[in-house]
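[1] Make a model of this:
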Amino acid sequence: MAGSLSRPFHIWIESALRYQSSTILRQDRLVNERFTGFDMDGRATVTDKAETFLRGLTPRARGMLVRRLESGQAVPSEIEARRRLILEAARAIAESRSTAKQAPGGGRPDMRKLIFSAFEPYVIEERLTVPARGLVTAATLSHLWAYASTELLPSEFAVWKDPSTAPSLPDVPAYRQEAARLEVRLFEALARHIEAIADEPKLQQRFMSRVGGEVARREVDDMIAVRAHLDDLPTLSAAIVHLLDSGSTDMELLEQIATYLTKYPDTAGWVAAGVLRRHSSVAPLVAFAKLLAGGETARRIRTTPTAAAFIDLGFAAADRAASRFFTILRSGRNVADAVGQINAFRSVLNDLTANLDIDSDGWWQQRMVAIKRRFSEMLFSEFDKLLPTMRRAFRVQEAPYPGPADGAEAVFLCAIFAAAGKSRDTLAINGLIGRLTPLVDQAIELYALDLPTRLRNLDGEARAVAISAVDHLIKAAGFLYGDDYASHLRRSKEQQLKVSRPAA
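    Numbers count the residues shown, from 1 in each chain. Presented below is the predicted three-dimensional model:
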């Protein structure tokens, strides 16, 4: 491909692998003076480390490394054993992937998945509010496939819409070969069409609507721009992770990465996405952005486009957490998932603000304010329902009685209220939490005194409803005040049940 990595960069791959294994070996030499004393557990550790690193490379890069190692020219004879370990790891990956490709599947392969397989590591389910170069929304791929099948190249793509009735090819390699041909046809046709409508606003609007809107159109443009460099992206991401994890800045490697990203600036966000997948934290993105920019300030990074792409990906991570939280609120309302997204959102914002002076840059400051507002507005809407929901779930007086759904909703709202309270400053909801907390405390105290005592005199349906309400109250109190308070309520419930009259 046009943007293939240079030979010196692949030499770095080999040296990075030697670093991964030699670190373990140096530790082992504290006990064993000779490499020949390296035990099987240590050998397995080195192999695991090498395999983890190798999986971050493209098959092409791994193949080149294996050929160099097999030639015997890549490493000196005194570390022959280490070379064998790396080769074993590389061959194990190659064999496992070959087996997976040849394994019989449940029917014909899905041609859509095959065509877009190179973009699969960058696909997300959430629709972002601000486009992020380096991520592709699953819905965009669906719209793009539908557009290709019905309007752009219907004669070639329509037959593949339904895998169960699609053409039958001899084997998996044949399907992959056809997918590769169709992928080229698709992106060539897209590029021609976009160029042809460049001066036609109405046609541009129509195309935008067909692929899923403004954000989706931007994603399609980014896919076209980066497509020629897809094979290089995992290697670059792995190089950055190695650079950050090695403890000292390898200036030669940094210069090679910076040169590549400057030559192909459209790849920067995609490389950043690869780093984020490996680290699951925004802090490394900020750290590498500073290295690329050659400075610590947000202003310096913002004026270095390749570095700024890494920070933009950090904001996209926060945007994704907000989108997932919104989805949870609309369907499912799972407590663990909702609390998890609140914590993830807080973690991303803390990483950004703790490691970069966001407030000194007007653009990123505005984006930070906007994304906080989006999350806080969702919380405001939910917390408006908190006290009425608690009243409906925990007041057992006369029919109609509260049901399990009422109790579950009260638990959910109490759980996200407690999680948000721990992040009130980060989420910009300090005032809201301050106003609601004493009211929630008073309500819980009232229900904790009232509900268990009611168990003494209730029977039949009312008794069953009260027991269910107390159980939900215990769960809600656990989120708000911790396990000790929940245990106190549980003991109170058990005591009241012992002295209450049996159900009729």
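
[2] For the rest of this, base every contact and every neighbour count on C-alpha atoms.
    Fine.

[3] Relative to A486, how far out is A344?
    Counting by C-alpha to C-alpha, to the nearest Å, the separation of A344 from A486 is 26 Å.

[4] err, Q204, not the other one
    Taken as C-alpha to C-alpha, the span from Q204 to A486 is 59 Å.

[5] Show me which of these two is the more surrounded one.
    Legend: neighbour count by other C-alpha atoms under 10 Å for Q204 and A486, higher for A486 (20 against 17).

[6] Nearest residue to L236 in space, please, no chain neighbours.
    Nearest non-adjacent residue to L236, counting by C-alpha to C-alpha, 6 or more residues apart in numbering: V271, 6.4 Å away.

[7] give me the element that neighbour is part of.
    Taking DSSP states H and E as the definition, V271 sits inside helix 268-279.

[8] For that helix, what does the pLDDT average out to?
    For helix 268-279, mean pLDDT is 95.

[9] which residues sit against it?
    122, 132-135, 233-234, 236-238, 240-241, 261, 282, 284-285, 306-307, 309-310, 312-313 (C-alpha atoms under 8 Å, 6 or more residues apart in numbering).

[10] May I see the buried residues of it?
    Residues of helix 268-279 classed as buried by neighbour count (16 or more other C-alpha atoms under 10 Å): 268-276.

[11] same thing with stretch 322-339?
    So, applying 16+ other C-alpha under 10 Å, buried residues of stretch 322-339: 322-326, 328-329, 333, 335, 338-339.

[12] Output the buried residues of helix 268-279 as CSV; include the columns distance to F375.
    Formatted as CSV, the buried residues of helix 268-279 follow (distance: C-alpha to C-alpha, whole Å):
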residue, distance to F375
A268, 27
G269, 24
W270, 26
V271, 27
A272, 24
A273, 23
G274, 26
V275, 25
L276, 22
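
[13] hmm, which two among those are most spread apart?
    Pairwise distances across these (C-alpha to C-alpha) peak at 12.4 Å, for the pair A268 and L276.

[14] Would you mind confirming that D351 is in contact with P284?
    No: judged on C-alpha atoms under 8 Å, D351 makes no contact with P284 at a distance of 9.1 Å.

[15] who's more crowded, those two?
    P284 (22 against 17).

[16] Can you name every helix or strand that the strand or helix carrying that one contacts?
    In this assignment (DSSP H and E), P284 forms part of helix 283-293. Applying 3 or more C-alpha pairs under 8 Å, 6 or more residues apart in numbering; DSSP states H and E, we find helix 283-293 packed against helix 233-245, helix 251-263, helix 268-279, helix 298-302, helix 305-330, helix 335-355.

[17] I'd like these as JSON lines, with distance to P173 appended.
    Below are the helices and strands packed on helix 283-293 laid out as JSON lines (distance: least, C-alpha to C-alpha, whole Å):
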{"stretch": "helix 233-245", "distance to P173": "23"}
{"stretch": "helix 251-263", "distance to P173": "32"}
{"stretch": "helix 268-279", "distance to P173": "27"}
{"stretch": "helix 298-302", "distance to P173": "45"}
{"stretch": "helix 305-330", "distance to P173": "35"}
{"stretch": "helix 335-355", "distance to P173": "40"}
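
[18] burial count for the spatially closest residue to R302 that is not a sequence neighbour?
    Counting by C-alpha to C-alpha, 6+ apart, R302 lies nearest to A308, which is 5.1 Å off, once chain neighbours are set aside. For A308, the count of nearby residues is 24 (other C-alpha under 10 Å).

[19] Now for A308: which residues touch it?
    Contacts for A308 were tallied using C-alpha under 8 Å, 6+ apart; they are 289, 301-302.

[20] Mind putting those residues into TSV with neighbour count and distance to A418?
    Listed next are the contacts of A308 as TSV, based on neighbours: other C-alpha atoms under 10 Å; distance: C-alpha to C-alpha, whole Å:
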residue	neighbour count	distance to A418
A289	26	34
I301	25	36
R302	19	36
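
[21] least confident pick among those residues?
    R302 (94).

[22] Could you measure from that residue over to A309?
    Distance from R302 to A309, by C-alpha to C-alpha: 9 Å.

[23] List phi and psi for G403.
    Note on G403: its backbone torsions stand at phi -110, psi 180 [degrees, to the nearest 10].

[24] I appreciate the help and will end here.
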